[in-house]
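Colleague: Starting from these lines, generate the structure:
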Amino acid sequence: MADSSTPRAYFDAASAEPPHPAARTALLEALDAGWADPARLYGPARATRMLLDRSRARVAAVLGARPDEVSFTSSGTQAVHLAVLGGLRARRRVGNHLVVSAVEHSSVLHAAEMHERDGGEVTTVGVDRTGRVDPEEFAAALRPGTALACLQSANHEVGTVQPVAEAAEACRAARVPLFVDAAQSLGRADVPGGWSFLAGSAHKWGGPAGVGVLAVRKGTRWRSPLPDDERERGRVPGFENVPAIAAAAAALEAFRADMAADAPRLSALVDRIRARVAASVPDVEVAGDPVGRLPHLVTFSCLYVEGEALLTELDRLGFAVSSGSSCTADTLRPSHVLEAMGVVTHGNVRVSLPRGAGSADVDRFLAEFPGAVARLREASMNTGRRL
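Modeller: Numbers count the residues shown, from 1 in each chain. Predicted coordinates:
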């Protein structure tokens, strides 16, 4: 691990964006003003309810939705599960066919697996080598009896932006609701309209963990897959964590304003990483669309290097990065996203730059990375010779 004298650089914003100052301020204020039960009628409860309603309106404005279309969940994963399973349940008379892309987040695919175990049908639409769905293939997967279609706004591992607008048009023509998992793009880029359900996660935009967003368009049929509850218009059970919700709303609003100004700079830093890694490290493949992508994220795979060993070495050097394909002892499987793309899955590194990431840290990463790969490859070759 890095010692106290080693500079630290956090490059894993795709997992969790560092807390936004606006979230901290809003949370501390809401702990005093928003602790009561918003469903009650006395003074502190009414004040809490007003804070909850203001937070809902702030999030809705960023989503381009109505406030009454937005509910708060305990996580982005719960929002995904409620959207997918609730959308399917509401349209059981139409059919039991579900369409998903091959590169959806695991929360979507796990919901699809559950639907299939319960007797439903699932069609998985493949992607090209950049990780992008072909809109025509997606449209062709829709059929009579399709209850729901799912397409992420942008991929969480390689950053490729998906053709949501085209998919939404095809879904409208087929009269099929479209669910968009926007967890990775909310706050960083606008999501095209046309969706019926949308999900997000506050810790991806600098809000607190434990707050998700579920949006259901007015007029879209949805039935909760959970027991009835009076909270959040019957969509999400349980007592609302109003202080955390207020912090999430403040962070999303502020983060979106930050990204409007800072996204081009982050995108230029990612372009630098894409070019320099490919030029300075032999046997490396940079994944994802080089142009149609999120501004902050780049993934590359290195042959002849174990992913976990590479992450450990980078951590020792002071870089916090993640991997979409490092095999773990419990799964022993590489990334389903990279497999679906047909790219190298070995020695995978995902670099995702947080708000305000500096060029000096990027330059230091680019200076250290080739040597880290070379050392691990040499160690692996020596081990092979001894064996």
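
Colleague: All the helices of the protein, in order from the start?
Modeller: 21-33, 43-63, 76-90, 106-117, 135-141, 164-174, 242-280, 307-316, 336-341, 359-386 (DSSP state H).

Colleague: Most tightly packed of these?
Modeller: helix 76-90 (a mean of 24; mean count of other C-beta atoms under 10 Å). Yep, even glycine has a C-beta here, placed from its N, CA and C like the rest.

Colleague: Go ahead and name everything in contact with that helix.
Modeller: Contacts with helix 76-90, where a contact means C-beta atoms under 8 Å, 6 or more residues apart in numbering, come from 73, 96, 98, 105, 107-108, 110-112, 114-115, 120, 147-148, 150, 177, 179, 181, 183, 196-202, 204, 212-214, 216, 220-226, 235-236.

Colleague: In strands, which of the residues you listed fall?
Modeller: Using DSSP state E, the members of those that fall within strands are 73, 98, 147-148, 150, 179, 181, 197-201, 212-214, 216.

Colleague: Using the record's assignment, carve this structure into domains.
Modeller: Using automatic domain parsing, the domain parsing of the chain gives 9-17+261-386, 21-254.

Colleague: Glu157: what's it in contact with?
Modeller: Glu157 makes contact with Ala14, Val103, Gly131, Ala287, Thr299, Gly324, Ser335, Val337, Leu338, Arg350, according to C-beta under 8 Å, 6+ apart.

Colleague: Confidence-wise, which of the residues you listed comes last?
Modeller: Lowest pLDDT within these is found at Gly324 (62).

Colleague: Which members of the contacts of Glu157 are positioned in strands?
Modeller: Ala287, Thr299, Arg350.

Colleague: could you measure the first one against Arg350, distance?
Modeller: Translated: Ala287. Computed with C-beta to C-beta, to the nearest Å, the distance linking Ala287 and Arg350 is 9 Å.

Colleague: which residues do those two both contact?
Modeller: Residues touching both Ala287 and Arg350 (C-beta under 8 Å, 6+ apart) are Glu157, Val158, Thr299.

Colleague: what are the bridge partners for the last one, then?
Modeller: For Thr299, the residues forming beta bridges with it (DSSP bridges) are Ala287, Arg350.

Colleague: Can you report how many residues neighbour it?
Modeller: Other residues within reach of Thr299, judged by other C-beta atoms under 10 Å, total 30.

Colleague: Could you double-check that it lies in contact with Arg350?
Modeller: Yes. Thr299 lies in contact with Arg350 (C-beta atoms under 8 Å); the separation is 4.6 Å.

Colleague: before we move on, back to that, more crowded one of Ala287 and Arg350?
Modeller: Taking other C-beta under 10 Å, Ala287 and Arg350 do not tie; Ala287 has more neighbours (29 against 25).

Colleague: got the contact list for the more buried one?
Modeller: Thr130, Gly131, Glu157, Val158, Thr299, Phe300, Ser301, Leu338, Met341, Val343, Val344 are the contacts of Ala287 under C-beta under 8 Å, 6+ apart.

Colleague: Could you do Arg129 as well?
Modeller: Each residue near Arg129 by C-beta under 8 Å, 6+ apart is listed here: Met341, Gly342, Val343.
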